[in-house]
Structure formats: structure tokens, C-alpha cells
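>>> could you look at this predicted model? Sequence included:
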Amino acid sequence: MKLVQFYDRQDEARKLQVGVLKGEDEVVALNVKGTMRDAIEAGDVEALAQGAAYRLSDVKLLSPLTDPEKIVCIGLNYHDHVIESNMQVPKVPVLFPKYNNCLTGHEDEVAIPVEVTQCDYEAELAVVIGKTAKRVPLESAMDYVFGYTVLNDVSARDIQLNEPQWTRGKAIDGFAPTGPWIVTADEIADPGKLGISLKLNGATMQDSNTKELIFDVPYLVSFLSNTMTLRPGDIISTGTPPGVGMGKKPQVWLKPGDVVEATVEGIGTLRNTFVSERIR
């Protein structure tokens with residue numbers, strides 16, 4: 001099942017709705033009071049009553065989650081990416097946060113702040129938590145996964161790598177495009193065997209597989225739950241494979257007009273255009 005947040009393009013109020021994608025061109029609204037997080041927390045999303053149907057072209061897709069309690073990102077989690085970053089293989093997961101201000105949706109524009117000259121892309125598999133998780137054993141960790149989506153961990157390298165911690169260079173407004181939808185866990189047989197890639201203006205920049213993860217999905221869920229309670233709708237973004245702009249020779253930085261397409265096998269393609277920040 002593919003779940004979306006959207007609004008009807010004919011609705012001047014742009015009321016947020018939760019829906020399910022039927023086939024490739026129909027979105028059916030679900031009877032949800034609130035957001036996707038509320039639907040996940042309520043339990044059986046599949047049993048929710050269905051309402052109005054829309055053509056996909058008649059709706060604006062939003063980030064499939066707009067109000068998670070936590071967005072936990074994992075750094076340096078692909079072996080080859082550690083090498084291209086000139087770092088040591090971590091002994092425990094490297095963590096940093098993003099926040100709700102970072103979230104934006106499929107086909108949305110991402111503004112590059114005037115302070116940023118080294119804007120980079122990072123295609124990632126993102127895990128959506130389905131139920132409250134605290135001290136979850138490794139063997140049952142997957143029971144707490146609701147589904148998966150695609151996240152582009154956009155990064156301002158000139159800020160990130162010149163300060164003692166990464167948050168200010170990672171948690172910039174709009175720097176976590178997410179979507180286009182959530183694919184429920186029952187449709188992904190093994191999140192550790194998914195192709196992951198990214199194109200910049202049509203040219204392939206990243207091309208790998210989640211089998212190269214240093215810390216896999218069950219480990220991350222269990223590890224994080226030992227010290228922080230994971231809640232329904234929380235996002236764990238599992239890290240990016242090699243091929244980021246920082247690692248290219250010469251380095252490649254995003255500029256206004258660039259189109260970035262991040263793809264994870266079995267989920268879909270998240271597309272965004274980068275623009276200059278408009279200062280009022």
C-alpha cells in the first residue's frame with residue numbers, strides 16, 4: 001500500500017488530506033482526523049473508510065509526513081561513502097537530527113540559502129516507525145516498522161564541516177525532501193536488498209544497494225530504542241551511499257535550476273528542483 005498526504009489543487013484552503021494511491025493515477029482520500037502521523041498512531045490504516053477519489057495529476061503531493069516527533073538521521077552508514085569522506089568506519093551509528101522545518105514534498109522547490117556555496121545531495125532510504133518502541137530486541141525490531149519512503153538528506157557542506165557539530169548545516173529549511181509516498185512494510189520483503197540511486201539533471205551520481213549498509217534497519221531500530229522512545233510516525237533516515245557531490249573530483253555542488261531525482265527500489269522516485277533563496 002502506498003500512502004500519501006496531499007491537497008486538492010482546486011481547494012483554495014489547501015486542506016491536508018491522507019490518502020492511498022490506487023494503481024498509478026488515482027488517489028483515494030482516507031477518513032483521517034489529522035495527519036499521516038495520526039493515521040499511523042491510530043492503528044489499522046488499511047481499515048480506514050475511503051472517501052473521494054482524485055486523479056494524481058489533480059492533487060499536490062506533500063511530504064508523506066509533516067509532523068513527526070523525531071527525524072533521526074544516520075551518517076557514514078555505507079562502507080564506500082566512509083572512504084570517499086576520508087573518515088573511519090564508525091563503531092556505533094553516527095547520529096544527527098533534522099526537524100519538521102526541513103520537510104518538503106515531491107516536486108517541491110528547495111531553496112539554497114545565500115550563505116551556502118557547497119550544497120550537496122544524499123539519497124537515502126527512510127524508515128517510518130509504526131508503533132511505540134522502547135528497548136526493542138534486535139529479533140523483533142522489524143515489527144515496529146510501518147513502512148519506508150525516500151529522503152534526500154540535503155547538506156550545506158561549507159557549514160556542516162566547518163563547525164564542531166553538523167546540525168546547522170543539515171537542518172536548514174527544506175533540506176529534507178521526502179516522498180513521494182510511504183510504502184507499507186508488507187510490500188518490501190527485505191529493506192537490506194534495495195537498489196538506491198540519484199540523478200542530477202539526468203546524470204547518475206549515486207548507484208548502490210542497501211546491502212552495503214554498515215548498520216541495517218533492524219539494528220538501527222533496536223539501537224535507537226534503547227535510549228530514546230520511538231513513536232509512531234518517527235523517521236529514521238538510514239544514510240547515503242557513495243557518489244555525493246563532496247566526493248566527486250572535481251566536487252559537484254547544487255546550483256539554482258538543478259533537478260535532483262532520488263530513487264529507492266520498490267518505493268519510487270523523489271524529484272526536486274533547487275532554486276536560489278528569495279529574501280523578502
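Okay, I see it.

>>> per-domain residue ranges of the chain.
Using automatic domain parsing, the domain ranges for the chain come out as 2-62, 71-276.

>>> most packed of those?
domain 71-276 (a mean of 19; mean count of other Cβ atoms under 10 Å). Glycine gets a C-beta too; all of them are placed from N, C-alpha and C.

>>> got the end-to-end distance for it?
25 Å (Cα to Cα, to the nearest Å).

>>> repeat for stretch 186-198
Terminal-residue distance, stretch 186-198 (Cα to Cα): 25 Å.

>>> and what of stretch 214-234?
First-to-last residue span, stretch 214-234, Cα to Cα: 21 Å.

>>> what is the mean pLDDT for it?
Taken as a whole, stretch 214-234 has an average pLDDT of 98.

>>> show me the strands in the stretch 101-250 of the chain, by range?
For the stretch 101-250 of the chain, applying DSSP state E, counting those that start in this stretch gives strands covering 103-104, 109-112, 119-120, 123-129, 145-152, 155-156, 176-184, 195-200, 203-209, 235-237.

>>> quick one, which of those gets closest to residue 168.
Closest to residue 168 of the strands of the stretch 101-250 of the chain, according to Cβ to Cβ: strand 155-156, at 8.0 Å.

>>> and that closest one, what does it pack against?
Helices and strands touching strand 155-156, by 3 or more Cβ pairs under 8 Å, 6 or more residues apart in numbering; DSSP states H and E, are strand 119-120, helix 167-170.

>>> who touches the closest residue to residue 84 other than its chain neighbours in this structure?
Counting by Cβ to Cβ, 6 or more residues apart in numbering, residue 84 lies nearest to residue 247, which is 3.5 Å off, once chain neighbours are set aside. The contact partners of residue 247, by Cβ atoms under 8 Å, 6 or more residues apart in numbering, come to 81, 84-85.

>>> so what's residue 81 scoring on pLDDT?
83.

>>> now it: phi and psi?
The phi and psi torsions at residue 81 (degrees, to the nearest 10) take the values phi -70, psi -30.

>>> let me see the contact set for it.
Residue 81 makes contacts with 239-242, 244, 247, as judged by Cβ under 8 Å, 6+ apart.

>>> what do you get if the cut-off is 6 Å, keeping everything else the same?
Contact analysis of residue 81 by Cβ atoms under 6 Å, 6 or more residues apart in numbering lists 241-242.

>>> distance check, it against residue 237.
With distances taken as Cβ to Cβ, to the nearest Å, residue 81 is found 14 Å from residue 237.

>>> and if you look at residue 221?
Residue 221 sits 13 Å away from residue 237 when distances are taken as Cβ to Cβ.

>>> go on, residue 8?
According to Cβ to Cβ, residue 8 and residue 237 sit 29 Å apart.

>>> and residue 246, by the same measure?
Taking Cβ to Cβ, one finds residue 246 at 17 Å from residue 237.
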